[in-house]
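[1] Next one to model:
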Amino acid sequence: AADAAEQDFINRSKGGIPDEIEEQTLRLEAGPIGIAALLKQAGLVASSGEGNRLIDGGGVRVDAVVVSDKGLKLGAGSYVLQVGKRKFKRVILVGA
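    Numbering: from 1, shown residues only. From the prediction side, this is the model:
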């Protein structure tokens, strides 16, 4: 167990995705959802405005790719969201 924890620490310190990530399923009510609204619904930010500020600062990643477009919309699928260096969540978006 200690070896696994050490390996996870090394992986995270190099900017990798942790082995175990909290997972959440969200239903899409009216088509694709904007990235800032998704971050808020997933509980990774307190408001959409905070999400937009983090995107402007390069602090948001979707599937390990930095998000630079605040207008990004995500449709049904599975995504790993990262806010800052330590907040991760796997979000599964299900169509209505």
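
[2] what residue is smack in the middle of this structure?
    Geometric centre of the chain, nearest residue: L81, 1.2 Å, by C-alpha atoms, centre = their mean.

[3] part of a strand, is it?
    Yes. Applying DSSP: H, G, I helix; E, B strand; the rest coil, one finds L81 inside a strand.

[4] Dig out what it forms beta bridges with.
    V62, K89 (DSSP bridges).

[5] ok, it to G58 distance?
    Distance from L81 to G58, counting by C-beta to C-beta, to the nearest Å: 15 Å. (Each C-beta comes from the backbone N, C-alpha and C, glycine too.)

[6] got the contact list for the residue nearest to R61 when sequence neighbours are not counted?
    Distances taken as C-beta to C-beta, 6 or more residues apart in numbering place Q82 nearest to R61, at 4.1 Å, with adjacent residues excluded. Contact partners of Q82, counting by C-beta atoms under 8 Å, 6 or more residues apart in numbering, are 17, 60-62, 64, 88.
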